[in-house]
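A.B. asks: let me see the structure of the following:
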Amino acid sequence: MLSTLVFLIKLLLFTIPLYLILAFSQVMLPLQRLVISHVRFLLVSMGFRVSIDNLLVSISGAVPFAFFISEDCTGWKSMLLLVALISAFPKVRMKERLAGVAFGIPVIYTGNLARILAVVFVQQSLGTGAAMVLHDYLWQAGLIALVLLTWLFWLSWANKTKPFKTRHK
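C.D. replies: Sure, this is the predicted structure:
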């Protein structure tokens, strides 16, 4: 029980950067610009005509579509959650934590790019309503699942005791 409590307290400490970032949203601007550059590159590579105006991505063609890359579109909360989960887990060496973060952040970032591309494809194929359902509901759960699966993969890789193993007396 004590180790679970310590884990939860450590996890809660990671809400401090969350609120600091929310208070100073300009901190996220470099990450927003990085996401926009990667989204633009990928969409152009797939044959879309894309233009960028600050943080607005516009797709021209048969079905014009524009979307804003906000702070939340960068996946930073998912990345922070993964770092918090890795950092808070007890009895893990720093080397293994750093390896988990070095592996996990690109996985989450790539998953977030896939989310944005999927929303564009669905919007172009099925319309804005379907794209908004995908964006607002399905991919929210998808990114949470990706974070948890990445964390569980890291736990397995780190050869730690099974986190959900029950003890029998």
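A.B. asks: please enumerate the helices of the protein.
C.D. replies: With helices called from DSSP state H, the chain shows them at 2-13, 15-23, 29-45, 76-88, 94-126, 128-133, 139-157.
A.B. asks: and the third one, what's its mean pLDDT?
C.D. replies: pLDDT averaged over helix 29-45 equals 95, rounded to a whole number.
A.B. asks: for the helices of the chain, which one sits closest to residue 70?
C.D. replies: With CB to CB, the closest approach to residue 70 among those belongs to helix 29-45: 7.4 Å. To be clear about C-beta, it is placed using only N, CA and C from the backbone, and glycine gets the same treatment.
A.B. asks: name the helices or strands packed onto the closest one?
C.D. replies: If you count contacts as 3 or more CB pairs under 8 Å, 6 or more residues apart in numbering; DSSP states H and E, helix 29-45 packs onto strand 49-53, strand 56-60, helix 94-126.
A.B. asks: ok, and what's touching it?
C.D. replies: Outside helix 29-45, the residues that touch it by CB atoms under 8 Å, 6 or more residues apart in numbering are 50, 52, 55, 57, 59, 69-71, 73-76, 112-113, 116-117, 120.
A.B. asks: CA atoms only: put it into PDB for me.
C.D. replies: What follows is helix 29-45, C-alpha atoms only, in PDB (Å, rounded to 0.1, in the frame of the first residue of the first chain):
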ATOM      1  CA  LEU A  29       4.600  27.600 -29.400                       C
ATOM      2  CA  PRO A  30       7.900  25.900 -30.600                       C
ATOM      3  CA  LEU A  31       6.200  22.500 -30.300                       C
ATOM      4  CA  GLN A  32       3.100  23.800 -32.100                       C
ATOM      5  CA  ARG A  33       5.400  25.000 -35.000                       C
ATOM      6  CA  LEU A  34       7.200  21.600 -35.000                       C
ATOM      7  CA  VAL A  35       3.900  19.700 -35.300                       C
ATOM      8  CA  ILE A  36       2.700  22.100 -38.100                       C
ATOM      9  CA  SER A  37       5.900  21.500 -40.000                       C
ATOM     10  CA  HIS A  38       5.600  17.700 -39.800                       C
ATOM     11  CA  VAL A  39       1.900  17.700 -40.600                       C
ATOM     12  CA  ARG A  40       2.500  19.900 -43.600                       C
ATOM     13  CA  PHE A  41       5.400  17.700 -44.800                       C
ATOM     14  CA  LEU A  42       3.300  14.500 -44.400                       C
ATOM     15  CA  LEU A  43       0.200  16.000 -46.000                       C
ATOM     16  CA  VAL A  44       2.100  17.400 -49.000                       C
ATOM     17  CA  SER A  45       3.900  14.000 -49.400                       C
END
